[in-house]
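> Provided below for reference: sequence and predicted model.
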Amino acid sequence: MSARIESTSDLGVLGTLREGLRLSPAIRRGFGVTLALAVVATLGRLVVPFTVQQATDRGLVGGVDIDLVVRMCGIAAGVLLVTSVASAWVNVRLFSATEAGLAQLRIRAFRHVHDLSVLTQNTERRGSLVSRVTSDVDTISMFVQWGGIMLILSTLQILGATVAMLFYSWQLTLVVWVVLAPMMVLAPRIQRMLNGAYGEVRARVGAMLAAISEAVVGAQTIRAYGSGQRVLRRIHTAIREHRDAGVRAQTLASAAFATGVLLAGTALAAVITVGTFLGLAGQISVGGLLAFIFLVQLFTGPVQAATEVLNEMQNAIAGWRRVISVVHTPVDIADPAEPRDLGPRGPASIALEHVHFAYPGGPPVLTDVTLDVPAGCRVAIVGETGSGKTTLARLVTRFADPVRGTVRINGVDVREAALEDLRERVVVVPQEGFLFTGTIASNVAYGRQPHPRERVEQAFAELGLLDWLATLPEGMDTDVGQRGESLSAGERQLVAIVRAYLANADVLVLDEATSAVDPATESRINRALTGLTEGRTSIAIAHRLSTAEAADMVVVVDAGRVVEVGSHAELVAAGGRYARLHASWVVQSG
């Protein structure tokens, strides 16, 4: 049974950070050195208030001492230079580590998506899946590279400023903390609210990208059916929902930021007021009060920035959770712990034993299917739409596993075979052959092992397709366009057939696609399929019964059950389900 890709992970903030760092170990590399540099950068900022206090009290108020003032300014300038270099170095190190770590995360997430079964992938729209590996990871990158260093420096700066303030006046330090205490108390609640708001933003980004990518890919169909306005309304709705979610999140973040600014201003005003009275009482010097005001700014600056950092962090956490939910999705079609060998290469036998199957949450699709296919046999599976033909093929290729029962190749349960071995032995030629951007030659050579140009040309010759190549403007070097759109459906099928031929599989699963092609292309496809299936076991999902007429074995599927098995002649003579289907097809084909 396939798993489902959840929209987000249910990990808490700390759990998400821990798991995110575990999946991206490069982010942690050299963190000790980066932290040490951050400490240097923070301590350097605390020197300025000290030099201000010394220059004021000893160089100005207690008598003018220009040399002392110059020395203090020189010390401050030197320390600030060191601080700037340390801060820049921290940024460079953090940027390098972040990019390396997030590259690991992207690769891991992308690889995991490919490891998931087709059924699991189909629980999420393609555009939304792409957004998890691209834009969601980008939000993490922005936070770790900017917000991460801000978080480290801000924490150190708040602690350092607090210690320095206590050195000058415990009373004023208490005033600062009392004024800013509400912000500290409200922070966890604000964090939870931002967490939910930005989780919604990331989900809306995925939905928007899915709607847009679907409309771009299906542009031709949309134009053909005149449904542009309906699709446009759907996209406008997705964009509007994303905008509204973003505005709600930013409004909440702005309110938190404004509160921080208000409290910071209040703290500074309170320090000046109380500090003046303490100065008049002789409990703090003029220089000390000036230094304390500098320290308050060093303290409140991170507090004000904390809401913005919190804003970015929640956006990143939401993105991290969406990526983690993909990586945590169980792989339902996995390699066995101890794979069994499928035997020597060559035509393979196939057996289905009491197979039952149902799609997740759906009714039974196959019920108690038992079937034996001898090695080298050409099988045609026929039946009405929805009878279970395609599902049978999926089980043979192990794109899905049966709910009950067993599928065997050469007597070996396919669940006990290594997926790499299985993919090498069993090759699928889908109804709509997917082509990648490039030339016909590059698409034909696409596979587990690269093929030299000479072998590709030989494959076309062996399948009798050189005459077709001669009709193309650039022959094998003809550009197929995006998704093969420069070729007709039949021509794309020809390219897919030659690609499967070069794969040299033991078992071929063919989803026949000749019903919508011209007679000349159909003749080429049939000729190529004859060469492709020769010397191999083949299972064809037959949409036209001419395929069944040429097969060694015909399997008739009805409502998820195998109701008839035999040769074309035997089944016609039996006068059963196949005979009626064949008679109806003969009448329709004229």
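Yep, it's here. It should be emphasised that the depicted structure is a prediction, and the values quoted were computed from it without experimental measurement. Residues are numbered from 1 along each chain as shown.

> Going by C-alpha atoms from here, please, whenever you check contacts or count neighbours.
Will do.

> what's the host helix or strand of residue 443 packed up against?
Element membership for residue 443, per DSSP states H and E: helix 440-444. Identification of packing neighbours for helix 440-444 by 3 or more Cα pairs under 8 Å, 6 or more residues apart in numbering; DSSP states H and E yields helix 453-462, helix 489-503.

> Quick check: buried residues in the helix or strand that the shortest one is followed by?
Scanning forward in sequence from helix 453-462, with DSSP H and E defining helices and strands, the next element found is helix 466-470. Neighbour-count burial for helix 466-470 flags 466, 469 (criterion: 16 or more other Cα atoms under 10 Å).

> Other residues contacting helix 466-470?
Under the contact criterion Cα atoms under 8 Å, 6 or more residues apart in numbering, helix 466-470 has outside partners 460, 475-476.

> neighbours around residue 111, how many?
Other residues near residue 111 number 12, with proximity taken as other Cα atoms under 10 Å.

> What pLDDT does the model give it?
As predicted, residue 111 sits at a pLDDT of 82.

> quick one, what contacts it?
No contacts exist for residue 111 under Cα under 8 Å, 6+ apart.

> what is the spatially closest residue to residue 547 that is not a sequence neighbour paired to in the beta sheet?
Once flanking residues are discounted, residue 547 sits nearest to residue 380: 6.8 Å by Cα to Cα, 6 or more residues apart in numbering. When assigned by DSSP bridges, residue 380 has beta-bridge partners residue 540, residue 554.

> The residue most central in space within the chain and residue 312, how far apart?
Among the residues of the chain, residue 133 comes closest to the average C-alpha position under Cα atoms, centre = their mean, at 3.1 Å. From residue 133 over to residue 312 the distance is 18 Å, taken as Cα to Cα, to the nearest Å.

> Give the rounded mean pLDDT of stretch 254-271.
Rounded mean pLDDT across stretch 254-271 is 79.

> Check the offset of that stretch from the chain's centre.
40 Å (Cα atoms, centre = their mean, to the nearest Å).

> Also stretch 534-549?
37 Å.

> about what we covered before: of the contacts of helix 466-470, which is the nearest to residue 33?
residue 476 (55.5 Å; Cα to Cα).

> so which of the helices and strands packed on helix 440-444 is the most packed in?
Mean neighbour count (mean count of other Cα atoms under 10 Å) peaks for helix 489-503 among these, with a mean of 23.

> got the CA positions of that one in CSV?
What follows is helix 489-503, C-alpha atoms only, in CSV (Å, rounded to 0.1, in the frame of the first residue of the first chain):
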residue,chain,number,x,y,z
ALA,A,489,2.5,11.2,-30.8
GLY,A,490,3.4,8.3,-33.1
GLU,A,491,7.0,9.6,-33.7
ARG,A,492,7.5,10.0,-29.9
GLN,A,493,6.4,6.4,-29.6
LEU,A,494,9.0,5.3,-32.2
VAL,A,495,11.7,7.0,-30.2
ALA,A,496,10.5,5.3,-27.0
ILE,A,497,10.6,1.9,-28.7
VAL,A,498,14.1,2.4,-29.9
ARG,A,499,15.1,3.5,-26.4
ALA,A,500,13.6,0.3,-25.0
TYR,A,501,15.3,-1.8,-27.6
LEU,A,502,18.7,-0.4,-26.6
ALA,A,503,17.9,-1.2,-22.9
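
> Could you tell me the angle between it and helix 453-462?
120 degrees (axes from the mean of the first three to the mean of the last three Cα atoms, to 10 degrees).

> For helix 489-503, the averaged confidence score.
84.

> so after it, what's the next helix or strand?
Next along from helix 489-503, by DSSP H and E: strand 507-511.

> Output that following strand as PDB, restricted to C-alpha atoms.
C-alpha atoms of strand 507-511 as PDB (Å, rounded to 0.1, in the frame of the first residue of the first chain):
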ATOM      1  CA  VAL A 507      10.700  -8.500 -20.100                       C
ATOM      2  CA  LEU A 508       8.900  -5.700 -22.000                       C
ATOM      3  CA  VAL A 509       5.700  -4.100 -20.800                       C
ATOM      4  CA  LEU A 510       4.000  -2.200 -23.600                       C
ATOM      5  CA  ASP A 511       1.100   0.200 -23.300                       C
END
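
> Now do it: which elements does it pack against?
Strand 507-511 packs on helix 389-397, strand 426-429, strand 537-541, going by 3+ Cα pairs under 8 Å, 6+ apart.

> Residues contacting the longest one from elsewhere in the structure, which ones?
It stands for helix 389-397. So helix 389-397 is contacted by 350, 365-366, 381-383, 400-402, 407, 414, 422-423, 426-428, 509, 511, 539, 541, 557 (Cα under 8 Å, 6+ apart).
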